[in-house]
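Need coordinates for the below:
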Amino acid sequence: MIRVQLKKPRVVYISTYIPRKCGIATFTKDLTNALNLLNPERQAEIIALDSPESESLVYPWEVSHRIRQQDWSDYERVLHYLNRSNVDLIVVQHEFGIWGGTDGEFVVKFLEKLKKPCVVVFHTVLSTPTTHQREIMNYLCRRAGAVVVMLQAVADLLRREYGVDPSKVAVIHHGVPDFPRQSPEEAKPRLKLEGRIIMSSINLLSESKGIEYAISALPPVVEKYPNFLYLVVGETHPNVLRQEGEQYRAKLKKLVQEKGLQSSVQFIDRYLSLDELILYIQASDYYITPYLNPEQAASGSLAYAMGAGKSCISTSYFYAREMLRGGRGIIVPLRNSSALSHALLELIEKPNKRHLIERRAYSQGRLMTWHRVALNYLELFTNALAQSAPTHDSFDVPPTLDYVRTLTTRLGILEHSSLKIPQESQGYTVDDNAKALIVALCRENRFLVRCYLMFIIQAEQNGLLYNDRSANGEWQGKPDVGDWWGKAFWAISCLVTIRPSPLLYKKGIQLLLKMYPHLLNLSSPRSVSYALLGLCVLDSNQVMLPGIENTLRENINELAKKLTILFSSSASNNWQWFENYLTYDNARLPQALLAVARVSKNSDIQKIGIGSLDWLIHELFDQEYGCFSFIGCNGWYFRGKPKAIFDQQPVEADAMAEACVAAFLVTKDEKYLNLAKKAFTWYDGDNILHQSLIDSRSGGIFDGLTPSGRNRNEGTESVLSYHLAFFSLQSVNIFNPNSISSKLWQCN
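Below is the predicted model of the structure:
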């Protein structure tokens, strides 16, 4: 894998943008202004998301393209531009309402086709999403190199409700201007508000703002303090204006009249410039956000008020609860005018409490200035690029073969390495050379294909195979039909299917015919599974084997029967497995049955394959971390006993990825494809230790996860497992449907 690390990345932001009247538009403008000061050589580029109301807007120079919300052709045009550009990173601002399609689903289609790394900034995270909204959120979290939220509570929600890896989530404050510490009395004369006690709310007006509750809270305050003035600042939200007109504002004005507050409430019905917004905040003694949505995860106006060191009163919603805790403001229940009155009077009548709140709020605001926030974003962008996995799901660029070549001698591929140094003294195995043969076939490397094939041919004796070979070329032990035999049968089946050359094909056929009579002697569930994978490759590709064509399907059925009998004798309601333990390469067993189900259309076999795989996924997927946590080899997992957590081995991630691909091919259920990708990302840090096992310098894979971190050795089994997992995912790649990997994994 190629890793990218840039000190000054070129970043494109896809967002609503000024002059569109939208909080996210203002946020993006302020953020990019601050980032431009830190990265002047790579000025921010904007792709503006248009609503029907904003299509007539004239954007500033930094907007290079615009996307009409519901026009997919605009998205395609931007994709064409970005995928061919030298842009390093795409930053996606997300809220469901700003993207096209149902629930903004166009963002998924867009990112599926985008061939660049991306970071997603969430402005809303729902605790009770619809099924469709959850699918969109889950995809965005998988696709992004990092996601940004503005509250720790929202980060916890992503982990708890959506299963997002906490290491992928960055909490970065909503930025605020660098306000000087200033008394309201200094700013009031500029607004001709001398002598008034000022409370303000600055918003794009809509019913969700709850302004009526703030107005209803005023009579007890005004009775004691007739010079009190509540400023309701901002025009009606464009979407509300389009759908309802000024109904809400009219309702508020009527309420003011009914309460006799005409001299105590003032509406300023216009969109403020940044300078005006700052002036109104500075002139305020108190700031109030009486919002009605308890899940609101951001409030730029509340952040600005805190940045200016104001006494803030707010209803209890996500953002306010976290920002105002620790005595930085006052929280009251939603829809409770009486509580608002009490809080406001308390602040007016207890100036010491008010001043303490102001100091605490201002201190918090110093951590939220746009300069500090921009530094955090720039660091995040750099890290996201440095750690980026393959940037899209096409799987059309295979991993490098460099380390595989390093491990290969004239005899075959070695078994072990110490760190990244091959250990020739520890010899070779058929087990590894069989898997290496499949990798070499997928890479169309005829030299390596011949090397690994000859190793297996030399291991054969009367159709049986030795496994271990010493450094000097001597075979150890006795030939047999162990797991290595099943892997070799699978690999040779792949070779005669691909036909890399007439000579190699002929040698492969000769070896396969010698091995074939021993198929029904297999007893180990894993050796049976490997052999079944080979038989299904032959069957699905209609490979003609002289003299045995008529027994191919019969042998598939007989070997599958061995697995189903094992399952029936071992499985129970809470243990849906073939044995009383889970050890290594576990997912190969359901993978083999699913391959059989695909070629035979046998629904009973499919049911066992899917059922056992679903159970295995349930046992291995850690909901707390949002990733796979495979069975550790230091103790394994025996029925009724605790499962071993370490050492987790790369071969398990490969087996799970391949099994999930098989399940996807049988069921067409996208969840299995997503789980296959999830298993593949285990290699690159999507694991319980959040550590990548990929050595981008050598091209090797570290040998597993231990309690103290990565096993620093880079053995053969590990790197081959990564290649095999990659090619299994490539087999369902819509961009490359005729690849060799499709023939080997898509058992039709």
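
how about the strands in the stretch 201-350 of the chain?
Using DSSP state E, counting those that start in this stretch, the strands of the stretch 201-350 of the chain run over 228-233, 265-268, 286-289, 311-315, 330-332.

got those as CSV, with mean neighbour count, mean pLDDT and distance to Asn86 columns?
From N, CA and C alone the C-beta is placed, and that goes for glycine too. Formatted as CSV, the strands of the stretch 201-350 of the chain follow (neighbours: other C-beta atoms under 10 Å; pLDDT from 0 to 100; distance: least, C-beta to C-beta, whole Å):
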stretch, mean neighbour count, mean pLDDT, distance to Asn86
strand 228-233, 22, 98, 43
strand 265-268, 18, 97, 45
strand 286-289, 26, 98, 42
strand 311-315, 26, 98, 44
strand 330-332, 21, 97, 48
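
State the distance from Glu258 to Phe489.
To Phe489, Glu258 is 86 Å away according to C-beta to C-beta, to the nearest Å.

center of this structure, which residue is that?
Centroid-nearest residue in the chain, with C-alpha atoms, centre = their mean: Arg142, separated by 1.8 Å.

who's in contact with that one?
By C-beta atoms under 8 Å, 6 or more residues apart in numbering, the residues touching Arg142 are Asn674, Lys677, Lys678.

make it 7 Å
Neighbour list for Arg142: Asn674 [criterion: C-beta atoms under 7 Å, 6 or more residues apart in numbering].

what does Glu714 give?
By C-beta under 7 Å, 6+ apart, the neighbours of Glu714 are Ser417, Leu419, Lys420, Asp695, Ser698, Gly700, Ile701, Phe702, Asp703.

Which of these sits closest to Val221?
Of all the contacts of Glu714, Phe702 has the smallest distance to Val221: 65.0 Å, by C-beta to C-beta.

What residue spans form the domains of this structure?
11-171, 184-365, 402-745 (automatic domain parsing).

can you give me how far the shortest one is from the chain middle?
Using C-alpha atoms, centre = their mean, to the nearest Å, the mean C-alpha position of domain 11-171 is found 14 Å from that of the whole chain.

one step back: so which of the domains of the chain is nearest Val373?
Of all the domains of the chain, domain 11-171 comes closest under C-beta to C-beta, at 6.7 Å.

Distance from the chain centre to stretch 570-577, please.
Stretch 570-577 sits 32 Å away from the centroid of its parent chain (C-alpha atoms, centre = their mean).

Same check on stretch 170-178?
Counting by C-alpha atoms, centre = their mean, stretch 170-178 is centred 23 Å from the centre of its parent chain.

send the alpha carbons of that stretch over as PDB?
Listed next in PDB are the C-alpha coordinates belonging to stretch 170-178 (Å, rounded to 0.1, in the frame of the first residue of the first chain):
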ATOM      1  CA  ALA A 170     -12.200  13.400  16.000                       C
ATOM      2  CA  VAL A 171     -13.900  15.900  18.400                       C
ATOM      3  CA  ILE A 172     -13.100  19.400  17.200                       C
ATOM      4  CA  HIS A 173     -15.000  22.400  18.500                       C
ATOM      5  CA  HIS A 174     -17.200  24.700  16.400                       C
ATOM      6  CA  GLY A 175     -14.800  27.600  15.900                       C
ATOM      7  CA  VAL A 176     -15.400  31.200  17.200                       C
ATOM      8  CA  PRO A 177     -13.800  34.500  16.400                       C
ATOM      9  CA  ASP A 178     -11.000  35.700  18.600                       C
END
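
average pLDDT for that stretch?
Stretch 170-178 shows a mean pLDDT of 94.

which parts of the host helix or strand of the residue nearest to the centre of the chain are buried?
Assigned by DSSP states H and E, Arg142 belongs to helix 131-143. With burial defined by 16 or more other C-beta atoms under 10 Å, the residues of helix 131-143 counted as buried are Gln133, Glu135, Ile136, Met137, Asn138, Tyr139, Leu140, Cys141, Arg142, Arg143.

Tell me which residues touch the fifth one, please.
Contacts here follow C-beta under 7 Å, 6+ apart; on that basis Asn138 touches Tyr162.

Next: the fourth one.
Residues in contact with Met137 (C-beta under 7 Å, 6+ apart) are Pro129, Tyr162.

Can you tell me how far it is from Gly163?
Separation of Met137 from Gly163 (C-beta to C-beta): 10 Å.

The third one now?
Applying C-beta to C-beta, one obtains 15 Å for the distance of Ile136 from Gly163.

do the last one as well
For Arg143, the distance to Gly163 (C-beta to C-beta) stands at 15 Å.

ends of stretch 289-302, how far apart?
With C-alpha to C-alpha, to the nearest Å as the measure, stretch 289-302 spans 7 Å from end to end.

For the closest residue to Cys627 other than its chain neighbours, give me its contacts.
Spatial nearest neighbour of Cys627, chain neighbours left out: Asp686 (4.8 Å); criterion: C-beta to C-beta, 6 or more residues apart in numbering. Residues near Asp686 by C-beta under 7 Å, 6+ apart: Asp165, Cys627, Lys678.

Swap in 8 Å and give it another go.
Listed by C-beta under 8 Å, 6+ apart, the contact set of Asp686 reads Asp165, Cys627, Phe628, Lys678.
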